[in-house]
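A.B. asks: Sequence plus the predicted model coming up.
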Amino acid sequence: MMARQFAHMFFYLLIVPFGLTACTTQAWYDGMQRRAENQCDSQPPGAREDCLARLNKKTYDAYEKDRASQK
């Protein structure tokens, strides 16, 4: 389990910053939502539903609107 966590941390700290230079903010946002859903899918059945219920389900446009209104 620790090796898997290390691999995820490595991915986020080293690989993602380089990949983000070629991605739009919306593509990044959508990708992070899909990643979170995939992580929920790896949970046991009861925990999976709880995990999915906690996910951010805002569209990118709603996210941007909320973010802009907080400035």
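C.D. replies: Nice, I can see it. Predicted model only: the values in this text are computed from it and were never measured.

A.B. asks: shaky segments in the chain?
C.D. replies: 1-23 (pLDDT under 70).

A.B. asks: let's see 80
C.D. replies: Along the chain, the parts satisfying pLDDT under 80 run over 1-23, 71.

A.B. asks: all strands of it, in order?
C.D. replies: With DSSP state E, there are no strands along the chain.

A.B. asks: Going by neighbour count, which residues in the lengthiest helix in it are buried?
C.D. replies: In the chain, taking DSSP state H as the definition, the longest helix is helix 25-41. Neighbour-count burial for helix 25-41 flags Tyr29, Gln33, Cys40 (criterion: 16 or more other CB atoms under 10 Å). The way it works is simple: take the backbone N, C-alpha and C, and place the C-beta from them, glycine included.

A.B. asks: Next, work out how far apart Pro45 and Gln39 are.
C.D. replies: 15 Å (CB to CB, to the nearest Å).

A.B. asks: closest to Asp66 among the buried residues of helix 25-41?
C.D. replies: Tyr29 (12.2 Å; CB to CB).

A.B. asks: how many neighbours does the closest residue in space to that closest one that isn't next to it in sequence have?
C.D. replies: Closest residue to Tyr29 apart from its sequence neighbours, by CB to CB, 6 or more residues apart in numbering: Tyr60 at 4.9 Å. Counted with other CB atoms under 10 Å, the neighbours of Tyr60 add up to 15.
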